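> Could you look at this predicted model? Sequence included:
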Amino acid sequence: MMVWNVVLTAVVGIMGFFLKSKMDELARLGILLNRTREEVARDHVTRKEVDDRIDKFVSHVDQRFNRLEAKLDQIRSER
């Protein structure tokens with residue numbers, strides 16, 4: 001009976017050791033995942049920023065077309 005207790009204690013101890021190492025690895029991966037999420041959020045622009053830049057671009061292109069139309073109107077009126 002004593003040998004059986006020693007064997008069971010050894011098996012449970014080994015299983016506990018491996019279970020602890022797996023739980024530590026899981027915690028480490030959780031930390032790495034959170035860091036990755038933070039980096040992704042930091043590096044990407046928000047929808048509002050994209051919309052603002054598109055609005056500025058459209059406004060700039062519209063101003064250019066207005067200037068071009070004015071020049072064309074001036075050329076037509078000279079003829």
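Happy to help now that I have it. Numbers count the residues shown, from 1 in each chain.

> show me where pLDDT drops low in the chain?
By pLDDT under 70, the chain has no low-scoring segment.

> Do a quick rundown of the helices in it.
Using DSSP state H, the helices of the chain run over 2-43, 47-78.

> Same list (those) but as a markdown table, adding mean neighbour count.
All C-beta spots, glycine's among them, are computed from the backbone N, C-alpha and C. Shown next, in a markdown table, are the helices of the chain (neighbours: other C-beta atoms under 10 Å):
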| stretch | mean neighbour count |
| --- | --- |
| helix 2-43 | 10 |
| helix 47-78 | 10 |
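
> I'd like the distance between R64 and K71.
11 Å (C-beta to C-beta, to the nearest Å).

> same check, this time on T46
From T46 to K71 the distance is 38 Å (C-beta to C-beta).

> Same check on V50?
For V50, the distance to K71 - C-beta to C-beta - is 32 Å.

> likewise M15?
Counting by C-beta to C-beta, the gap from M15 to K71 is 83 Å.

> residues in contact with D24?
Not one residue lies near D24 by C-beta atoms under 8 Å, 6 or more residues apart in numbering.

> Okay, the residue nearest the centre of the chain and D51: tell me how far apart.
Centroid-nearest residue in the chain: V40, 2.4 Å away (criterion: C-alpha atoms, centre = their mean). According to C-beta to C-beta, V40 stands 20 Å off from D51.

> Equivalent analysis for G30, please.
Taking C-beta to C-beta, one finds G30 at 34 Å from D51.

> likewise V3?
With C-beta to C-beta as the criterion, V3 and D51 are 74 Å apart.

> now swap in G16 and tell me
In terms of C-beta to C-beta, G16 sits 55 Å off from D51.

> try D62
D62 is 16 Å from D51, by C-beta to C-beta.

> Over to E78?
Note on E78: its distance to D51, by C-beta to C-beta, is 41 Å.

> Please apply the same query to M1.
76 Å.

> now L19
50 Å.

> same deal with R67?
R67 is 25 Å from D51, by C-beta to C-beta.
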